[in-house]
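*Asks:* sequence first, then the predicted structure:
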Amino acid sequence: NFVGCVNDGTTDPTELADQMWSQILELGVTEVGIAIFPDFAYPIQAQVAGLIVASATDYNKTAAEPINVYEPTVLMFEMLPDTYFADHPDVQLICGLASGFVYPTMVSANRTDVILLSTGYEPDYEDPMREGIIQLETFSMTECSMYTIALMVDRLNGYTYPDMPATPEMVDVPPVMVTSGDDLDVLFAKTFVKDSDPAKIYPSLDQLLSLTMCYNPDATYAALVDAVQHMSFD
């Protein structure tokens, strides 16, 4: 009964790695840490870490001031250890997994001078985001679940898109890159992050229904996928 699903972000790690590397260069930091979940659970994070290390290696071949990227710290679904900053006293920036696993340790260690670029999103961390302590958080819009909902609604009512692939697939969702307070303002106005106001949903309920065969006999699978793959800030 599997009808398909959406990925949490993209299966291609390049976009996130490029975003983090560009911010590292813009910020002018030279001591960079990385914290990731285990490869068996989150292989994309390991790939992102590898691309950042590779970028630093290439950059350092000609750089006047090399960027030192530490060996990634692998967290077994637990907080960044309290010993991290004693072991890395010079760290200026951390490319981390979900901010909730890194930021609390920064606070308890009195190291909020460190910049955090995170692959996760925590609505409770609005203040450090606006203050510039956290300068990147990413998430996939909750509304992207419309993909699976549309497929289930049609299947339950006996409909199948004429262009539906024979094998159900996982569709990539563009990661939403939050890098400033202005981005937060857009986020809060257009998504379910802060409250459940149905007027904020994208696409609207009418738009979603038009993507299902139950309500629109001309609906196509291609149009549904296209809608999901354009759920970004743009």
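*Replies:* Received it, and whenever you're ready, just let me know what you need.

*Asks:* residues contacting Ala222?
*Replies:* Asp163 (CB atoms under 8 Å, 6 or more residues apart in numbering). (Each C-beta comes from the backbone N, C-alpha and C, glycine too.)

*Asks:* again, but for the one 5 residues further on
*Replies:* With CB under 8 Å, 6+ apart as the criterion, the residues that contact Ala227 are 146, 203, 207, 211.

*Asks:* gap between the second one and Leu209?
*Replies:* Separation of Pro203 from Leu209 (CB to CB, to the nearest Å) stands at 10 Å.

*Asks:* now the buried members of the contacts of Ala227.
*Replies:* Those of these that meet the buried threshold are 146, 203, 211, by 16 or more other CB atoms under 10 Å.

*Asks:* ok, for Val225, nearest residue in space, not its chain neighbours?
*Replies:* Nearest residue to Val225, sequence neighbours excluded (CB to CB, 6 or more residues apart in numbering): Val171, at 5.6 Å.

*Asks:* quick one: neighbours of the one you found, just the number.
*Replies:* For Val171, the count of nearby residues is 18 (other CB atoms under 10 Å).

*Asks:* do the same with the one 10 residues further on
*Replies:* Applying other CB under 10 Å, we find 12 other residues in the vicinity of Gly181.

*Asks:* hmm, it is touching Pro128, no?
*Replies:* No: here Gly181 lies out of contact with Pro128, judged by CB atoms under 8 Å, at a distance of 11.0 Å.

*Asks:* which parts of the chain are helices?
*Replies:* Taking DSSP state H as the test, the helices found in the chain are 14-27, 43-60, 84-87, 103-108, 126-131, 146-156, 181-190, 205-210, 221-228.

*Asks:* which one of those helices lies nearest to Val3?
*Replies:* Val3 sits nearest to helix 146-156 of all the helices of the chain, at 4.0 Å, using CB to CB.

*Asks:* what's the angle from that closest one to helix 221-228?
*Replies:* 150 degrees (axes from the mean of the first three to the mean of the last three CA atoms, to 10 degrees).

*Asks:* now do helix 146-156: everything it contacts.
*Replies:* So helix 146-156 is contacted by 1, 3-6, 160-161, 168, 171, 203, 208, 211-214, 224-225, 227-228 (CB under 8 Å, 6+ apart).

*Asks:* apply 7 Å and report the result again.
*Replies:* 3-6, 160, 171, 208, 211-214, 224, 228 (CB atoms under 7 Å, 6 or more residues apart in numbering).

*Asks:* show the buried residues in those.
*Replies:* 3-4, 6, 171, 208, 211-213, 224, 228.

*Asks:* quick one: which of those is nearest Val32?
*Replies:* Scanning the buried ones among the contacts of helix 146-156 for proximity to Val32, where the rule is CB to CB, the winner is Val6, at 30.9 Å.

*Asks:* so what pLDDT did Asp172 get?
*Replies:* pLDDT, Asp172: 89.

*Asks:* my guess is it meets Glu15, correct?
*Replies:* No: assessed by CB atoms under 7 Å, Asp172 is found out of contact with Glu15, at 10.1 Å.

*Asks:* now Arg130: closest residue in space, sequence neighbours ignored.
*Replies:* Arg130 sits nearest to Gly181 (CB to CB, 6+ apart), 4.3 Å away.

*Asks:* now that neighbour: how far from Thr138?
*Replies:* 16 Å.
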